[in-house]
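Undergrad: after the sequence you'll find the predicted model.
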Amino acid sequence: MRRTTIPRIAVLVLGLLAAALASTPVAADPRAALESYFNDVDTLEGDFEQVVRDEDGRILEESRGTMAIQRPDRFDWLYEEPFEQRIVADGERLWIHDKDLYQVTVRPLQETLGTGPAVLLSGQLAGLEEQFRIEVDEDWIVLTPRDESWEVEGVRLRIADGVPAEILVRDGLGQENQLILRNVRTNETLNAERFRFEPDDDMDVIEQGTDTP
């Protein structure tokens, strides 16, 4: 498996989750459910299954784990299978920890997410609409990037019974990332320690970004 694809996709999906998922069963209309998220949801927690397919539908990667999001700029994304990897945003920096490699990469959060996802993480519907054209296709919310330089061609979100159920992200190479969420819980109190990362003394810490000495 290619260990570089999962972090890139995960950060993008986390940005979308943090800003575009409705999780309170207040409306059957997907657009209304999307809007309710910005008004009502502060935290999101649950399990995930992730599958990456190539343009011919062949499976390239499969993974599963747990995730937690606290708007506007904190998340904890833990891959448990097929290998353990943790991605943590603490509000200022993004940490990507490969446990079996004894390695962690750290970089500025805003620089990592880029202009588009940073706006998404701000939790403003107006910002989402600035970055994407938002349409509804039956049960799906369809997001099309306004900026052609983005790595993704489009995103589809499906909400079932008021909670996020499935996300499809297609990149510019024709690959499709499918994310299925289970046991989703909202607005629960999350321990602040969950969004902090302290590297062990034996870890190889790789600093990246503009604040690197």
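TA: Thanks, I have it. Numbering: from 1, shown residues only.
Undergrad: all contacts plus neighbour counts: C-alpha atoms, from now on.
TA: Noted.
Undergrad: right, and the helix or strand after the worst-scoring helix or strand of the chain on mean pLDDT?
TA: In the chain, the helix or strand scored least confidently by mean pLDDT, DSSP states H and E is helix 115-121, which has a mean of 48. Once the chain leaves helix 115-121, the next helix or strand it forms, by DSSP states H and E, is helix 125-131.
Undergrad: could you dump that following helix to PDB, C-alpha only?
TA: Taking Å, rounded to 0.1, in the frame of the first residue of the first chain, the C-alpha atoms of helix 125-131 are listed here in PDB:
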ATOM      1  CA  LEU A 125     -21.600  28.400   5.100                       C
ATOM      2  CA  ALA A 126     -20.700  31.500   3.200                       C
ATOM      3  CA  GLY A 127     -17.100  30.300   3.000                       C
ATOM      4  CA  LEU A 128     -18.200  26.900   1.700                       C
ATOM      5  CA  GLU A 129     -20.200  28.600  -1.000                       C
ATOM      6  CA  GLU A 130     -17.200  30.700  -2.000                       C
ATOM      7  CA  GLN A 131     -15.200  27.600  -2.500                       C
END
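Undergrad: show me the shaky parts of this protein.
TA: 1-28, 112-124, 161-163, 210-213 (pLDDT under 70).
Undergrad: where along the chain do the strands fall?
TA: With DSSP state E as the criterion, the chain has strands at 43-53, 59-70, 74-81, 85-90, 93-98, 103-108, 132-137, 140-145, 152-160, 163-171, 176-186, 204-207.
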